[in-house]
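S.K.: next come a sequence and a model predicted from it.
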Amino acid sequence: MLNLTEIEQQALDAPINLSDGHARQQPTPAQSALVARLPQWFAEVRDAPFEELERRAQTAFLSALHQDRAPVTAGRVLSVYSSSVATMAVGRLLQRRSGRVALIHPTFDSIADLLRGHVDLVPIAEQVLAEGDWERAVPADVSCLYLTVPNNPTGWRLDEAALKDLARWSAERDVLLCVDTSFRGFDQRTQYDMYRVLEAADTDYVLLEDTGKLWPMLELKLGFLAISPRMERPIKKIMSEVLLSVSPLVLRLVEELSKDYAAGGMAQLHDLIDTNRRLVAETVTDLDGVTLLDPDSRVSVCRLRLSSADRSLSARRALRENGVHVLPAGQFYWADPSAGTDQVRIALARDPHVLAEALNRMSDVWAGQRQRQRMHVLD
């Protein structure tokens with residue numbers, strides 16, 4: 001079975017790529033104006049103090065997401081090329097701790113793949129986490145609980161009250177909380193100040209932040225790794241083994257994109273995703289045997305459930321033959337791929353006319369399959 005990234009790589013040059021969750025819509029006029037300033041910033045940042053550029057970018061990004069208590073000034077937010085690099089560092093950290101790691105299930109398979117090389121993983125279903133009985137949900141030999149909030153691909157989330165309860169429990173049990181927040185920018189309900197909650201509970205934590213899903217900048221992006229005081233020394237040592245620094249030019253770009261996001265770009269982004277989700281919902285109502293899952297989700301992807309695993313596979317192949325690439329969902333269920341083989345995932349961070357054309361082709365594929373089924377019955 002190919003992993004999800006391998007499948008996404010196959011779609012990079014596809015006529016219509018609805019595969020990866022990266023932002024591939026056209027930049028807004030404000031974003032295009034910022035891109036036009038890159039040559040100017042290139043000259044400016046060459047002689048600018050790196051520490052100041054980094055602090056400004058981190059502050060602008062985290063403030064735009066209302067994470068005002070993030071430990072930027074304390075030096076406990078580290079910049080990395082991407083959230084994947086951050087996940088690799090976290091895997092090495094966890095390898096040095098005793099105990100297994102409980103990982104949310106389902107979630108993007110690369111997280112499990114990156115961690116498996118270092119630790120033993122235990123799947124924790126979203127439904128169990130939603131009950132809030134952490135003592136029952138998390139086995140006693142687990143030393144780290146790894147969540148994705150909001151989750152990819154389901155949009156599942158922890159509200160502030162639940163995180164407070166979880167943080168108190170994790171402090172009492174000495175369980176490290178790792179939270180990947182790469183899709184937080186799409187859901188304002190997850191933009192309460194997580195750092196204020198975690199710092200108040202005095203629990204050990206690692207938060208992974210990511211800019212790559214928000215803005216269509218041709219992979220000019222950053223990840224940020226925010227850590228609690230007791231995690232500072234080991235994480236910084238690990239990061240010193242793999243990374244010197246990030247690009248000061250990208251820091252400058254992220255700073256300005258964050259300011260634009262806070263000044264109205266967030267509303268534009270949310271409108272785009274909402275519009276595209278409605279387009280999918282309207283199309284699905286006319287497709288027999290297809291259901292739009294996760295009606296409460298606000299992240300930039302959505303899932304469709306088909307009537308069977310065989311139909312999901314044949315539909316995905318037919319779509320690919322018609323120039324439309326989507327993801328199979330089985331790999332998100334990293335501990336039990338069979339649980340998602342009747343589903344596909346569609347990326348929504350695309351221009352509406354691109355998605356509309358994809359949905360037209362999808363409708364044609366479904367109509368063709370129904371016609372073949374009728375002919376088979378007649379035969």
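M.R.: Nice, thanks for sending it over. A quick note: this is a predicted structure, and the numbers were derived from the prediction, not measured.

S.K.: lowest confidence element among the helices and strands of this protein?
M.R.: Ranking every helix and strand in the chain by mean pLDDT, DSSP states H and E puts helix 352-378 at the bottom, with a mean of 80.

S.K.: so what's the closest residue to residue 280 other than its chain neighbours bridging to?
M.R.: Nearest residue to residue 280, sequence neighbours excluded (CB to CB, 6 or more residues apart in numbering): residue 302, at 5.7 Å. Quick note: C-beta positions are derived from backbone N, CA and C, even for glycine. Counting by DSSP bridges, residue 302 is bridged to residue 346.

S.K.: separation between residue 32 and residue 288?
M.R.: Distance from residue 32 to residue 288, counting by CB to CB, to the nearest Å: 42 Å.

S.K.: please disregard the earlier target; I meant residue 135.
M.R.: 44 Å.

S.K.: for residue 295, same thing?
M.R.: Per CB to CB, residue 295 is found 19 Å from residue 288.

S.K.: residues contacting residue 194?
M.R.: Listed by CB atoms under 8 Å, 6 or more residues apart in numbering, the contact set of residue 194 reads 67, 163, 179, 181, 207.

S.K.: surely the fourth one meets residue 152?
M.R.: No - Residue 181 is not in contact with residue 152 according to CB atoms under 8 Å; the separation is 10.9 Å.

S.K.: how about the helices in the stretch 201-350 of the chain?
M.R.: Counting by DSSP state H, counting those that start in this stretch, the stretch 201-350 of the chain has helices at residues 229-242, 248-260, 266-284, 309-321.

S.K.: all the strands of the protein, in order from the start?
M.R.: For the chain, the strands defined by DSSP state E cover 16-17, 77-80, 100-105, 121-125, 142-148, 176-180, 205-210, 223-227, 291-292, 301-305, 324-325, 327-328, 343-347.

S.K.: residue 53: neighbour count?
M.R.: By the criterion of other CB atoms under 10 Å, residue 53 has 23 neighbours.

S.K.: contacting residues for it?
M.R.: 45, 248, 251-252, 255.

S.K.: cool, residue 309 as well?
M.R.: Residue 309 is in contact with 338, 341-342, counting by CB under 8 Å, 6+ apart.

S.K.: mind running it again at 6 Å?
M.R.: Neighbour list for residue 309: 341-342 [criterion: CB atoms under 6 Å, 6 or more residues apart in numbering].

S.K.: quick check: it vs residue 176, distance?
M.R.: Plainly put, residue 309 is 36 Å away from residue 176 if you go by CB to CB.

S.K.: one more: residue 233?
M.R.: 14 Å.

S.K.: neighbour-wise, which of these two wins?
M.R.: Comparing residue 233 with residue 176 by neighbour count (other CB under 10 Å), the higher total belongs to residue 176, at 24 against 10.

S.K.: show me the shaky parts of the stretch 251-379 of the chain.
M.R.: For the stretch 251-379 of the chain, the stretches with pLDDT under 70 are 370-379.

S.K.: out of the strands of the chain, which gets nearest to residue 315?
M.R.: Closest to residue 315 of the strands of the chain is strand 343-347 (CB to CB; 7.2 Å).

S.K.: what does the closest one contact?
M.R.: Defining contact as CB under 6 Å, 6+ apart, one finds that strand 343-347 is touched by 18, 21, 153, 301-305, 312, 316, 326-327, 329.

S.K.: also stretch 107-123?
M.R.: By CB under 6 Å, 6+ apart, stretch 107-123 touches 3-5, 87-88, 91, 94-95, 100-103, 105, 139, 148, 151-152, 331, 334-335.

S.K.: ok, 7 Å please
M.R.: With contact meaning CB atoms under 7 Å, 6 or more residues apart in numbering, stretch 107-123 is reached by 3-5, 84, 87-88, 91-92, 94-95, 100-103, 105, 139, 142, 148, 151-152, 180, 331-332, 334-335.

S.K.: report the mean per-residue pLDDT for that stretch.
M.R.: For stretch 107-123, mean pLDDT is 96.

S.K.: may I have the distance across that stretch, first residue to last?
M.R.: 10 Å (CA to CA, to the nearest Å).
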